[in-house]
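Asks: Got a predicted model here, sequence first, then my questions.
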Amino acid sequence: MAGLMADFGNYTHAIVRGVPASLVKEALRSVQAEVDLAGAQKEHEAYVEVLKTKLGLEVVELPVDESLPDCVFVEDAAVVCGDTALITRPGAESRRRETELMKEALKNLNLNIVEMTDENATLDGGDVLFTGKLCHPQSLSTPKDYAVSTVPVLEGLHLKSFCTMGGPGLIVVGSSEPAQKTLKIMQQMSDHRYDKLTVPDDFAANCVYMNLPDKGHVLLHCTTEQYPESAKVFEKLKDRMLIPVSNAEKVKVDGGLTCCSVLINKKANI
């Protein structure tokens, strides 16, 4: 894993999938909240436009499937490290078929495919945080091929619901006690020392870091309208191209910014 550090944040491609109408009533959620379908679709289109136009990534758009209400959250269907893609086995049975098109798309990008075959094992991509040196999975049921440090999540849906990478060696984490405790456990279990950026709102800690040849350090993060105090914290990162991206509707069904894309660094020789 350490060998991948040099490429940390480098991406050429992104896989995304649109918002189905079924998301409004049928998507999984921890708290019941009314979702504005048009609003969710509009903010997702803006997110994809940032990836495609502002950042210049090659975007692969998978077709929407109304029978899969959570399908917009593509991150949970695969974990990509370097030129290897792990096809996950989501914890919710209703989401298992989401991996089918993801596997096909990753094969088309010539990535090496690894699949979870143990029917007793489950893993969602949102449970895995790749720091550039280690993979930290929330689940204990992970493939033996990966060097990992397993993290118990005390509260919340996914590890990345309150903890993501804001840059090389920089972990962005929410301010809640469970989030801070989880980070402390991660630090205790790792030989590597990480800097910490704490934001007041746990969900605002879900951000997307990239290091792109023509753009430098880039960070997609919450908007001022959604999380004003957390947005002020991100604004202190003067060495990054900061791009606020609205996620107000999708967060109602527990969706974060990282959830909506699978990012890939496709080398010319793979």
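Replies: Yep, it's here.

Asks: Now find how far off-centre stretch 180-190 is within its chain.
Replies: 19 Å (Cα atoms, centre = their mean, to the nearest Å).

Asks: same deal with stretch 101-112?
Replies: With Cα atoms, centre = their mean, you get 18 Å for stretch 101-112.

Asks: Show the average pLDDT along it.
Replies: What stretch 101-112 shows for mean pLDDT is 97.

Asks: Can you give me the pLDDT of Ser246?
Replies: 97.

Asks: For the nearest residue to it once chain neighbours are set aside, which three-state class applies?
Replies: Nearest residue to Ser246 in three dimensions, chain neighbours excluded: Glu43, at 4.6 Å (Cβ to Cβ, 6 or more residues apart in numbering). All C-beta spots, glycine's among them, are computed from the backbone N, C-alpha and C. Here Glu43 is recorded as helix under DSSP: H, G, I helix; E, B strand; the rest coil.

Asks: show me the contacts for Glu43.
Replies: Val245, Ser246, Asn247, Ala248, Glu249, Lys250 (Cβ atoms under 8 Å, 6 or more residues apart in numbering).

Asks: Look at the fourth one and say how many residues are nearby.
Replies: I take that to be Ala248. 16 (other Cβ atoms under 10 Å).

Asks: where's it, which helix or strand?
Replies: For Ala248, there is no host helix or strand (DSSP states H and E).

Asks: what separates Lys238 from Thr224, distance-wise?
Replies: 17 Å (Cβ to Cβ, to the nearest Å).

Asks: and those two? which has more neighbours close in?
Replies: Between Lys238 and Thr224, Thr224 has the larger neighbour count (other Cβ under 10 Å), namely 13 against 6.

Asks: Same question for the nearest residue to the more buried one once chain neighbours are set aside, what's its three-state structure.
Replies: What sits nearest to Thr224 in space, not counting adjacent residues and going by Cβ to Cβ, 6+ apart, is Ala231, at 4.3 Å. Following three-state DSSP, Ala231 is assigned to helix.

Asks: separation between Ala231 and Gln180?
Replies: Counting by Cβ to Cβ - Ala231 and Gln180 are separated by 20 Å.

Asks: likewise Val64?
Replies: 37 Å.

Asks: ditto for Leu197
Replies: In terms of Cβ to Cβ, Leu197 sits 12 Å off from Gln180.

Asks: Spit out the residues that contact the two alike.
Replies: With Cβ under 8 Å, 6+ apart as the test, Leu197 and Gln180 both reach Val173.

Asks: Where does the prediction get shaky in the stretch 1-150 of the chain?
Replies: 1-6, 133-150 (pLDDT under 70).

Asks: Quick one: the helices in it, in order.
Replies: Listed in chain order, the helices of the stretch 1-150 of the chain (DSSP state H, counting those that start in this stretch) span 23-26, 37-49, 98-108.

Asks: quick one: which of the ones you listed is nearest Phe162?
Replies: Phe162 sits nearest to helix 37-49 of all these, at 19.8 Å, using Cβ to Cβ.

Asks: Looking at the helices of the stretch 1-150 of the chain, which is nearest to Gly167?
Replies: helix 37-49 (20.0 Å).

Asks: got the CA coordinates for the closest one in CSV?
Replies: Taking C-alpha atoms only, helix 37-49 is exported to CSV below (Å, rounded to 0.1, in the frame of the first residue of the first chain):
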residue,chain,number,x,y,z
LEU,A,37,-36.2,14.5,-6.3
ALA,A,38,-35.6,17.5,-8.7
GLY,A,39,-33.3,19.0,-6.2
ALA,A,40,-31.4,15.8,-5.7
GLN,A,41,-31.0,15.3,-9.5
LYS,A,42,-29.9,18.9,-9.9
GLU,A,43,-27.2,18.8,-7.3
HIS,A,44,-26.0,15.5,-8.6
GLU,A,45,-25.8,16.9,-12.2
ALA,A,46,-23.7,19.8,-10.7
TYR,A,47,-21.4,17.3,-9.0
VAL,A,48,-20.8,15.4,-12.2
GLU,A,49,-20.3,18.7,-14.1
